[in-house]
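Visitor: With the sequence up front, the predicted model follows.
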Amino acid sequence: MKEQFVDQREDNAASFMDRKTFMLNTNYNNDEETHFDMLKNQEAAAFCKGWKEYISQLSKGDTVYLYQSGVGIIASGVVDGELVKSEHYGVADDKYAKSLKDFKTGFKAISARRFKELTGGGNAANLLI
């Protein structure tokens, strides 16, 4: 029993070390609808070739901060779901999304400048989009 517990702790530690943090721009300035869909659906999503593929890089347990240009970080969550491909404006599989658990909104937005201060220049997050 003790060995099983130690093995489980080692697995959890390895999993914790593999987790990453990402900042995802909601693209509000170009498409308000997709911005609000991400918030409503509590998901990380990207659209169109060249952008949507970034969502595939998110792994279960990764933290995602949703960033609205000109406002700051407006939401956060932890990747929980598998990749979901769906139609976007009539184009099949043009939306890639992963659901987020522990989704948080309603806090005062954190500006890009403040985020960089808190993370030592933003190096703690991989900027996706």
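Guide: Sure, I can see it.

Visitor: distance between stretch 31-38 and the chain's centre?
Guide: 15 Å (C-alpha atoms, centre = their mean, to the nearest Å).

Visitor: And the average pLDDT for it is what?
Guide: Averaged across stretch 31-38, pLDDT comes to 95.

Visitor: Buried residues, that stretch. List them.
Guide: For stretch 31-38, a neighbour-count test (16 or more other C-beta atoms under 10 Å) marks T34, H35, D37, M38 as buried. (Each C-beta comes from the backbone N, C-alpha and C, glycine too.)

Visitor: who's in contact with that stretch?
Guide: Residues outside stretch 31-38 that contact it (C-beta atoms under 8 Å, 6 or more residues apart in numbering): T26, N27, Y28, E43, A44, A45, F47, L66, Q68, A75, H88, A97.

Visitor: List just the nearest of the buried residues of stretch 31-38 to A92.
Guide: Using C-beta to C-beta, the shortest approach to A92 within these belongs to T34, at 16.5 Å.

Visitor: Return the backbone torsion pair for the closest residue to L118 other than its chain neighbours.
Guide: In space, and not counting its chain neighbours, L118 is closest to I110: 7.6 Å by C-beta to C-beta, 6 or more residues apart in numbering. Here is the backbone geometry of I110 (degrees, to the nearest 10): phi -100, psi 120.
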